[in-house]
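Asker: sharing a model prediction with you, sequence too.
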Amino acid sequence: MRAYLFSGAVLLAGCQLTDVQQSSIEAESAFQPGVFTPVSQNTHPATIQDHIRMLMNQMALTMQEVHDNTAVVVADFVYVDGAYDKSGLLGQQVAQSFMNELHQFGIKVLDHKTMDYIRVTESGDLVLSRDYTELRPDIQASLVLTGTLTKHRLGVMVQARLVDLKSKELKGSAQTLLPSEQVNALIASHSRQDMPASGR
């Protein structure tokens, strides 16, 4: 089974590599056949997804007991000083971004919000639900990825963690600061603010 841990440094005789090039080579060799798309340390992350990708890279350095057949579910992130039974747009977006990054790493991800059928309505053909009575109660996942958000004068701190559902043992962790401009760029679906027209 393939464990998701970084390998040792890659040495190429007669060649000098930049830090970014060497990091890319090490990551690709360690995570195949998963797709690894690192963000250059010299490039300022432009979106929340870029930050989550860096968080995933950081967490990979500490992940324990994560193999090909390890099933992971992702739960919404919540504010550390808020209600733990409610999540907002940012917490939901961070969770969605982590689902994508875990899958890109080649880790088995279970989507617990997917129903066993497609509901066909006048509003659309729907397969996702937030109603627990419509979802399977027997999701066979051993790990959950979740975390907390903390408001900061420069943005929002994100603390992500991978936890064993049975033992509650921490299997990986990472943290970063999402800049205010990226957090404020999110627009709730019920907002009156419309997205700018293409070409503006």
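Answerer: That came through fine.

Asker: where do the strands sit along this structure?
Answerer: Using DSSP state E, the strands found in the chain span residues 71-74, 78-79, 108-109, 114-121, 124-128, 143-152, 155-164, 170-179.

Asker: mind putting the ones you listed into TSV with mean neighbour count, mean pLDDT and distance to residue 99?
Answerer: (Each C-beta comes from the backbone N, C-alpha and C, glycine too.) Below are these laid out as TSV (neighbours: other C-beta atoms under 10 Å; pLDDT from 0 to 100; distance: least, C-beta to C-beta, whole Å):
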stretch	mean neighbour count	mean pLDDT	distance to residue 99
strand 71-74	21	90	5
strand 78-79	18	95	17
strand 108-109	18	88	6
strand 114-121	10	80	11
strand 124-128	11	79	12
strand 143-152	19	94	8
strand 155-164	19	94	12
strand 170-179	18	93	15
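
Asker: can you put the ones you listed in TSV and add distance to residue 55?
Answerer: As requested, those are exported to TSV (distance: least, C-beta to C-beta, whole Å):
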stretch	distance to residue 55
strand 71-74	12
strand 78-79	16
strand 108-109	16
strand 114-121	24
strand 124-128	24
strand 143-152	9
strand 155-164	6
strand 170-179	5
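
Asker: for these, which one sits closest to residue 47?
Answerer: With C-beta to C-beta as the measure, strand 170-179 is the member of those nearest residue 47 (9.8 Å).

Asker: what's the closest one packed up against?
Answerer: Other helices and strands packing on strand 170-179, by 3 or more C-beta pairs under 8 Å, 6 or more residues apart in numbering; DSSP states H and E, are helix 48-60, strand 155-164.

Asker: that strand vs strand 143-152, what angle?
Answerer: With axes from the mean of the first three to the mean of the last three C-alpha atoms, to 10 degrees as the basis, strand 170-179 and strand 143-152 are set at 30 degrees to each other.

Asker: got a list of contacts for strand 170-179?
Answerer: 48, 51, 54-56, 58-60, 62-66, 90, 143, 152, 154-164 (C-beta atoms under 8 Å, 6 or more residues apart in numbering).
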